[in-house]
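Student: Sequence and predicted structure, then a few things I'm wondering about:
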Amino acid sequence: QLNLDLVFRVNKLTAFGTLTDEGFVLKKGSQLSKLNTESAASRVITTKEQLIKDGRIVPQGDHLVLQEDFLLSSSSYAAVMVAGTSRSGPQSWLTPDGRTLKSIEDSMLGQ
């Protein structure tokens, strides 16, 4: 049973995630960028806009805050949703002790 807690800090934002067997869970309370650049995947931005409409993401000061855990298909989608720019999830998400998700995935694959 995979359940790996991770953190992503970018542009004064802090987001929390958990890698699970089902996918990548972006955790309640995660801070998200209000701005989205053209490099961000359009379907991630569409999802983000829908969550704002639904009230599952709310504005707070100069950023947005996720109101409930949200399952995404990959750590990269979660990172794009947070940063509003194109991001590599495995490079962006860190364990509490500072290792990248990529290093964890590599060790799980025995590399």
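Tutor: Ah, there it is.

Student: For stretch 91-101, measure first residue to last.
Tutor: Terminal residues of stretch 91-101 are spaced 6 Å apart (CA to CA, to the nearest Å).

Student: Centre of the chain to stretch 78-96, how far?
Tutor: Averaging C-alpha positions (CA atoms, centre = their mean, to the nearest Å) puts stretch 78-96 5 Å from its chain's average.

Student: What is the neighbour count of Leu101?
Tutor: 24 (other CB atoms under 10 Å). Placement of C-beta: from N, CA and C, glycine included.

Student: Disregarding flanking residues, what is the spatial nearest neighbour of it?
Tutor: Leaving aside its sequence neighbours, Leu101 sits nearest to Trp93 (CB to CB, 6 or more residues apart in numbering; 4.2 Å).

Student: Next up, the contacts around the residue nearest to Ile57 when sequence neighbours are not counted.
Tutor: In this structure, Ile57 finds its nearest non-sequential neighbour in Leu51, 4.4 Å apart by CB to CB, 6+ apart. Leu51 sits next to 57, 66, 70 when contact means CB atoms under 8 Å, 6 or more residues apart in numbering.

Student: nearest to Thr14, of these?
Tutor: Checking those against Thr14 by CB to CB gives Leu66 as the nearest, at 11.5 Å.

Student: residues contacting that closest one?
Tutor: Counting by CB under 8 Å, 6+ apart, Leu66 has contacts 15, 26-32, 51, 56-57.

Student: Repeat the analysis, applying 7 Å as the threshold.
Tutor: By CB atoms under 7 Å, 6 or more residues apart in numbering, the residues touching Leu66 are 26, 28-30, 32, 56-57.

Student: Please identify, among these, the one with the most neighbours.
Tutor: The most crowded member of these, judged by other CB under 10 Å, is Leu26 (27 neighbours).

Student: rewinding a little: could you pull up the residues touching the residue nearest to Leu101?
Tutor: 6, 8, 17, 75, 79, 101.

Student: likewise Glu105?
Tutor: Pro90.
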